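Visitor: Quick one, structure for this:
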Amino acid sequence: MEEISTVFTPIYAEILAKKKAEIDTEKPRIFAKYGEMSEFDVKAILDAEKELAECEKCDGEICRHRLFKDTVPVIKVKDNQALISYRCCKFALMKAKARKIQRNFQLAKIPLKYADKSFEDYKVDESNKLAVRATKMFLNGEFEGLFLYGNPGTGKTFLAAITAQEFLKQGKSVIFGDVPSLLEDLRNSYNSDNDKKMTTLMNDLAEADLLVLDDLGTENPTEWAVGRLYLIVNERYNANKPLMVTSNFTIGEISERLNRTKERLNRTKNARPNKSVTGDRIVSRLAQMCKRIELAGEDRRLKK
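Guide: Predicted structure coming up:
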């Protein structure tokens, strides 16, 4: 041990001497910039400055060899003491954003048929150019909701899927659900005696940055289904959260379809008039939230 110590002591002393010389040289500059402080604090600032210099040349790999990888030092001085903290570097933030986008794509449940589609893949003509323009305005936040309606096969779901993916590319969360399947998922969670799962699903529908309700009006309008739809739409309405709806029916026709449950219940023998289940309350909110655009034309799927 004595031999090893004898070898390393001069080397260590030389390193310390060089460090002290560097500190003495840099003291005037550090004092002029931050104020007078101890040699220990000067050393801390010099070490942080070296890391910052490395960060300027970094391609996302250099800092992986440091103690605090994927970080950038932040130099602050308070009461003549150096306070060195660390924040995420731009590469770490980019990677985190990419992971978030990838995760959001997986959770959004956009139909695979429309995966990776964009406006460049959407054929614009006289029958849909107004809808495409309105969709781009919706993406820019010019209005809170968009209601696309028209005959089957006119490109409503395709346009909604493109919109959803544009939201996702911005790092926003999206839930895309055709209404019958969405209600079926909610019913299954309800029937599973798992209140927590039901609450989680409803919270996700309320809190997503964008909710797409595809094929509204094709669901079976039971009292339970209409009640759930009202809760979903009402949450988005109250929170001013973006909502996009597609349907084969006009908003008036949807009201009629959703009101069938109420009419059926009210015709039941000895039944009291039912006011709690009504499509009017849903449609009223949709009408106020959404810009309504019709996609005209023939069924493109049949033409193909």
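Visitor: Next up, phi/psi of the closest residue in space to residue 55 that isn't next to it in sequence, please.
Guide: Once flanking residues are discounted, residue 55 sits nearest to residue 72: 5.2 Å by CB to CB, 6 or more residues apart in numbering. Just so you know, the C-beta spots here come from the backbone N, C-alpha and C atoms, and that holds for glycine as well. Per-residue torsions, residue 72: phi -120, psi 130 (degrees, to the nearest 10).
Visitor: Touching, residue 72 and residue 52? I think so.
Guide: Yes. Contact criterion CB atoms under 8 Å: residue 72 and residue 52 qualify, at 7.0 Å.
Visitor: show me where the stretch 151-300 of the chain has strands.
Guide: When assigned using DSSP state E, counting those that start in this stretch, the strands of the stretch 151-300 of the chain occupy the ranges 174-178, 210-214, 243-247, 290-295.
Visitor: Neighbouring strands - and their directions - for the second one?
Guide: The pairing partners recorded for strand 210-214 under DSSP bridges are strand 174-178 (parallel), strand 243-247 (parallel).
Visitor: do the last one as well
Guide: In the sheet, strand 290-295 lines up against strand 145-150 (parallel) (DSSP bridges).
Visitor: neighbouring contacts of the partner strand?
Guide: For strand 145-150, contacts defined as CB atoms under 8 Å, 6 or more residues apart in numbering pick out 131, 134-135, 138, 156, 159-160, 163, 236, 242-251, 286, 289-297.
Visitor: the helices in the stretch 201-304 of the chain, which residues?
Guide: 223-239, 251-267, 279-289, 300-303 (DSSP state H, counting those that start in this stretch).
Visitor: which one of those helices has the lowest average pLDDT?
Guide: In terms of mean pLDDT, the lowest-scoring of the helices of the stretch 201-304 of the chain is helix 300-303 (a mean of 61).
Visitor: Around residue 40, count how many other residues there are.
Guide: Residue 40 has 10 neighbours, counted by other CB atoms under 10 Å.
Visitor: Doesn't it belong to a helix?
Guide: Yes. Residue 40 forms part of a helix when assessed by DSSP: H, G, I helix; E, B strand; the rest coil.
Visitor: And it, how close does it get to residue 81?
Guide: With distances taken as CB to CB, to the nearest Å, residue 40 is found 9 Å from residue 81.
Visitor: shared neighbours of the two, anything?
Guide: Joint contacts of residue 40 and residue 81 (CB under 8 Å, 6+ apart) do not exist.
Visitor: check contacts around residue 241.
Guide: Residue 241 makes contact with 144, 206-211, 235 under the criterion CB under 8 Å, 6+ apart.
Visitor: Most neighbours among the residues you listed, which one?
Guide: That'd be residue 211 among the contacts of residue 241, by other CB under 10 Å, with 26 neighbours.
Visitor: Please list all residues in contact with the residue nearest to residue 206 when sequence neighbours are not counted.
Guide: Nearest residue to residue 206, sequence neighbours excluded (CB to CB, 6+ apart): residue 235, at 4.0 Å. Counting by CB under 8 Å, 6+ apart, residue 235 makes contact with 202, 205-206, 241.
Visitor: Throw those residues into CSV and include distance to residue 181 and pLDDT, thanks.
Guide: CSV is the format used below for the contacts of residue 235 (distance: CB to CB, whole Å; pLDDT from 0 to 100):
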residue, distance to residue 181, pLDDT
202, 16, 87
205, 13, 89
206, 18, 90
241, 21, 94
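Visitor: would you turn these into CSV with distance to residue 103?
Guide: Output for the contacts of residue 235, formatted as CSV (distance: CB to CB, whole Å):
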residue, distance to residue 103
202, 21
205, 18
206, 19
241, 20
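Visitor: Next one: residue 205 from residue 228, what distance?
Guide: 9 Å.
Visitor: Touching, residue 291 and residue 138? I think so.
Guide: Yes. Residue 291 is in contact with residue 138 according to CB under 8 Å; the separation is 7.1 Å.
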